[in-house]
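J.: fold the following, please.
(one chain, ligands or ions: 3)
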Amino acid sequence: MAFSSYILTAFPASGARIPPYFHNTDHRQRCLTQLRSKHTGLEKYIFLNGLKERDPNLFYEVLLSNMLEIIPILYTPTVGDACSNYSHIWRRPEGLYVSIESKGHIRQILSTWPAGAAGRIAVVTDGSRILGLGDLGANGLPISIGKLDLYIAGAGIKPSTTVPICLDLGTNTEKFLNDPLYLGVRRRRPDTAEMDEFMKEFMAAMRDVFPQLLVQFEDFSTDNAFRYLDLFRNQYRCFNDDIQGTGSVVLSGFLNAARLATADAGTPLSDQRILFFGAGSAGIGVAKQLTSFFTLLGLSEEEARQRIWTVDSKGLITADRKGLQEHKKYFARTDYQGPPLTSLIDIVKYVKPTALLGLSTIRNAFSEDVVRLMGSLNTRPIIFPLSNPISLCELDYSDAIHWTNGSVIFASGSPYKPVEFEGRVYEPGQGNNMYIFPGIGLGTILSKARHVTDSMVEQASIALASALTEDEQSADLIYPRLTRIRDISAKIALAVIRAAQKDNVDENTLFRNMSDEALLEYVGAKQWQPPSTHNVPRL
Ligand SMILES: NC(=O)C1=CN([C@@H]2O[C@H](COP(=O)(O)OP(=O)(O)OC[C@H]3O[C@@H](n4cnc5c(N)ncnc54)[C@H](OP(=O)(O)O)[C@@H]3O)[C@@H](O)[C@H]2O)C=CC1
Ligand SMILES: CC(=O)C(=O)O
Ligand SMILES: [Mg+2]
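T.: Numbering: from 1, shown residues only. Ligands and ions are numbered 1, 2, ... in the order given. Down below sits the predicted model:
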């Protein structure tokens with residue numbers, strides 16, 4: 001609907017009340033001016049949320065023309081504040097809540113969502129590990145909404161086909177249970193048996209109500225993230241963003257980082273020594289993606305595994321540790337003899353890593369001595385502090401540049417601004433699954449892949465790594481500029497469709513005989529654009 005028609009519909013008989021010069025002014029510019037007048041991230045989030053309710057087309061137009069400014073508000077870091085405060089800033093229903101109290105009639109609850117059979121993509125969280133902020137219970141909904149806004153902006157998924165879901169299963173965070181404004185059920189989280197029963201009913205009901213839907217699991221606590229991925233991945237069209245999306249995006253950045261480091265130091269990709277600080281769903285997901293790629297290079301599985309060291313809150317993970325959680329066992333080291341290594345500096349001295357990856361939620365964990373040691377061990381140290389939001393990031397970009405005299409190859413989970421050092425401007429990378437999931441989703445939806453296979457995720461990663469332009473390469477970037485996300489998502493979708501075909505999971509076989517050029521053009525043409533709300537040129 002054009003903006004002027006929207007105004008007339010929203011305010012009938014308002015002709016005389018519309019300011020005389022209204023139609024000749026730039027509504028997008030007005031929105032941006034209003035947005036920029038807000039002082040805090042949370043106020044900006046609330047403003048954008050209101051704009052989306054009043055005029056979704058204008059909202060997406062403003063978003064698409066100003067992604068670098070707006071994505072950090074709708075997504076990390078500000079979405080973290082929105083989630084933490086959601087029960088207090090709530091304005092209107094904007095997603096689907098499926099409560100543990102709905103067990104037995106989940107299907108009816110899902111049927112109330114307007115998309116119905118047109119639903120194509122759901123982002124589902126249970127709020128138990130929102131970014132690095134822990135168990136936020138029913139306050140987790142904005143993470144599903146934010147990820148879906150990235151599907152819409154980044155891949156051109158039609159807004160009306162998206163389904164944001166928060167499973168309201170209770171919370172173990174006392175503060176929320178005692179908050180009179182808390183929006184969720186007042187109970188602690190269920191035990192495994194009760195939750196499994198709920199999840200099985202939920203997934204079956206999802207398929208009934210939305211037969212063509214892809215489910216993205218988001219921000220489940222680590223044990224459940226691995227369990228439900230294993231349980232459902234061969235049964236439903238689904239994937240886990242924190243395990244697979246993060247694995248894919250970090251592999252991609254790592255490939256480009258290793259290429260840069262290799263150019264300077266000559267360390268072959270297969271000789272990299274990679275230290276993971278944090279061994280949860282994200283850390284282990286990335287480690288598995290990297291090792292799987294190393295086997296493609298010709299390493300045996302065992303040789304690939306030997307490239308990885310993992311660290312959790314108790315220190316270097318070794319196989320002799322008692323009561324090791326299941327997901328940590330595969331990378332537990334068997335070759336370390338000695339007293340437990342608990343401090344990061346001692347672990348770096350022992351491992352001598354070429355790459356240090358942070359997925360720990362520990363702010364500033366990469367201290368000056370650790371970063372300087374990485375710089376003395378490597379001509380181009382690869383350091384990726386990937387924890388979100390920025391308040392939990394292991395290392396600030398400015399410190400990384402200063403402490404390594406600019407030699408660091410850096411990517412963080414949340415965005416940093418460029419840094420000037422000794423007359424040169426350095427641009428950080430953003431190693432965030434937002435580069436990957438829109439393309440994986442688009443490719444899966446178009447090919448109607450029955451499942452999201454490992455090779456679809458791996459090919460997405462390679463497509464992203466190959467998407468750098470000459471200009472981006474000469475600026476030493478390891479991820480493409482975010483403003484190109486639509487083109488990049490189309491290329492990722494193409495790679496995902498081809499991988500789905502090879503794995504024989506594509507239910508839509510029409511693309512099999514299309515050339516890559518024709519298919520890429522088709523994918524681009526399928527991307528939704530907001531109908532222009534007025535006739536002023538794009539900003
Ligand atoms: N950039 C991106 O695209 C993504 C980033 N992330 C971010 O990664 C972070 C982790 O997510 P996830 O893996 O799911 O969370 P988890 O809570 O499962 O994992 C955190 C890991 O960090 C370890 N840890 C905690 N404290 C310390 C410490 N003091 N020293 C060393 N290790 C410590 C934990 O150890 P223990 O097991 O002993 O508790 C655990 O292994 C979050 O901040 C999240 O936002 C996640 C997905 C994508
Ligand atoms: C980016 C993301 O998925 C996370 O931090 O959990
Ligand atoms: Mg996540």
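J.: okay, the strand or helix carrying residue 441 in PDB with CA atoms only?
T.: When secondary structure is defined using DSSP states H and E, the element that contains residue 441 is helix 437-447. The C-alpha coordinates for helix 437-447 follow below in PDB (Å, rounded to 0.1, in the frame of the first residue of the first chain):
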ATOM      1  CA  PHE A 437      21.500 -18.200   7.700                       C
ATOM      2  CA  PRO A 438      19.600 -15.900   5.200                       C
ATOM      3  CA  GLY A 439      21.200 -17.700   2.300                       C
ATOM      4  CA  ILE A 440      20.900 -21.200   3.800                       C
ATOM      5  CA  GLY A 441      17.200 -20.400   4.400                       C
ATOM      6  CA  LEU A 442      16.600 -19.000   0.900                       C
ATOM      7  CA  GLY A 443      18.300 -22.000  -0.800                       C
ATOM      8  CA  THR A 444      16.500 -24.500   1.300                       C
ATOM      9  CA  ILE A 445      13.100 -22.900   0.800                       C
ATOM     10  CA  LEU A 446      13.500 -22.600  -3.000                       C
ATOM     11  CA  SER A 447      14.800 -26.100  -3.500                       C
END
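J.: pull the distance from it to the chain's centre.
T.: Here helix 437-447 shows a centroid-to-chain-centroid distance of 14 Å under the convention Cα atoms, centre = their mean, to the nearest Å.
J.: next, the angle from the helix or strand following it to helix 437-447.
T.: Next in sequence after helix 437-447, counting helices and strands by DSSP H and E, comes helix 454-465. Orientation check (axes from the mean of the first three to the mean of the last three Cα atoms, to 10 degrees): helix 454-465 against helix 437-447 gives 130 degrees.
J.: what does the stretch 101-250 of the chain put close to ligand 2?
T.: Counting by Cβ under 6 Å from any ligand atom, the positions of the stretch 101-250 of the chain adjacent to ligand 2 are 131, 219, 241, 242. The way it works is simple: take the backbone N, C-alpha and C, and place the C-beta from them, glycine included.
J.: tell me how the protein divides into domains.
T.: 1-74, 84-236, 244-432, 436-526 (automatic domain parsing).
J.: residue ranges for the strands of the protein, please.
T.: 96-99, 121-125, 162-168, 214-218, 238-240, 274-277, 308-312, 315-316, 355-358, 382-385, 409-412, 419-421, 424-426, 429-430 (DSSP state E).
J.: got those as a markdown table, with mean neighbour count and mean pLDDT columns?
T.: Formatted as a markdown table, the strands of the chain follow (neighbours: other Cβ atoms under 10 Å; pLDDT from 0 to 100):
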| stretch | mean neighbour count | mean pLDDT |
| --- | --- | --- |
| strand 96-99 | 19 | 98 |
| strand 121-125 | 27 | 98 |
| strand 162-168 | 26 | 98 |
| strand 214-218 | 26 | 98 |
| strand 238-240 | 25 | 98 |
| strand 274-277 | 25 | 98 |
| strand 308-312 | 23 | 98 |
| strand 315-316 | 20 | 98 |
| strand 355-358 | 28 | 98 |
| strand 382-385 | 28 | 98 |
| strand 409-412 | 26 | 98 |
| strand 419-421 | 14 | 98 |
| strand 424-426 | 12 | 96 |
| strand 429-430 | 22 | 98 |
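J.: I'd like these as TSV, with distance to ligand 1 appended.
T.: Output for the strands of the chain, formatted as TSV (distance: least, Cβ to the nearest ligand atom, whole Å):
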stretch	distance to ligand 1
strand 96-99	22
strand 121-125	12
strand 162-168	17
strand 214-218	9
strand 238-240	10
strand 274-277	6
strand 308-312	3
strand 315-316	8
strand 355-358	8
strand 382-385	8
strand 409-412	8
strand 419-421	19
strand 424-426	20
strand 429-430	8
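J.: ok, and the closest non-adjacent residue to the residue in the stretch 151-300 of the chain that ligand 1 sits nearest to?
T.: Residue nearest to ligand 1 within the stretch 151-300 of the chain: residue 280 (2.0 Å; Cβ to the nearest ligand atom). Nearest non-adjacent residue to residue 280, counting by Cβ to Cβ, 6 or more residues apart in numbering: residue 222, 4.4 Å away.
J.: correct me, but the one you found touches residue 129?
T.: Yes. Between residue 222 and residue 129 there is a contact at 7.0 Å, judged by Cβ atoms under 8 Å.
J.: tell me which of the two has more neighbours.
T.: Comparing residue 222 with residue 129 by other Cβ atoms under 10 Å, the one with more neighbours is residue 129, at 24 against 21.
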